[in-house]
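Novice: predicted structure and sequence below. I'll ask about it afterward.
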Amino acid sequence: MTLAYVFAALSIAIVAAVAAPGCGGTTVFDAPDPKACGAGHGCPMAGCVCDDDSVFLDTTCELGECRPTADVCAERCEGFGGVRSTFESQNDEVPLPNCELLCSRLLVNGCELGCSTLFTECLVPSNCSQDAGAFWECATERGVISCLDNAVRIEGCAPKASVMCE
């Protein structure tokens, strides 16, 4: 074989490998999380309050399927005292106050996927309880945010009641 044929064969192999679709229509090589679902998956965002007072936020979508929030939270709170309580959004469009600030904080704190690891779209809430508003204000302004295995962990903002807005 000549060098030109070898080069052509390698070029075709590389293009085919990069173009191979993965989960959710993404390319596996480009996806930071190969189990992640594509935008518009419809699965709720899971909220997990652990016994150490930290809160995990994560999507329930994995490999194209919606997992039970209880299962997601059991995994996330393992090593943090177990699960105290859970909450979830209705779907992947989540009404949150100060969403842009939260998404910016995720990126600044090294969460490479930002808010897309949690939901497809953030909506302006039409109704938010005082407890929910206080939690999200803390999360966006004072909470300690870190990312563990593509989930968001918030410390210093333990919720007193449900934190989901409508």
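Specialist: Done, it's in.
Novice: any stretches of this structure with poor pLDDT?
Specialist: For the chain, the stretches flagged by pLDDT under 70 are 1-34.
Novice: tell me which residues are up against the helix or strand containing C103.
Specialist: Assigned by DSSP states H and E, C103 belongs to helix 99-108. By C-beta atoms under 8 Å, 6 or more residues apart in numbering, the residues outside helix 99-108 that reach it are 96, 114-115, 117, 122-124, 136, 139-141, 145, 147, 152. (Glycine included, C-beta is placed from N, CA and C.)
Novice: among the residues you listed, which ones are buried?
Specialist: 96, 114-115, 117, 122, 136, 139-140, 145, 147, 152 (16 or more other C-beta atoms under 10 Å).
Novice: before we move on, the earlier item: out of the contacts of helix 99-108, who's nearest Q130?
Specialist: Ranked by distance to Q130 (C-beta to C-beta), the contacts of helix 99-108 are led by W136 at 11.2 Å.
Novice: now that closest one. Its backbone dihedrals?
Specialist: The phi/psi pair for W136 (degrees, to the nearest 10) reads phi -70, psi -30.
Novice: wait, it sits on P97?
Specialist: Yes - applying C-beta atoms under 8 Å as the test, W136 and P97 come out as touching, 5.0 Å apart.
Novice: what sits in contact with each of these two?
Specialist: Shared contacts of W136 and P97, defined by C-beta under 8 Å, 6+ apart, comprise 128, 165.
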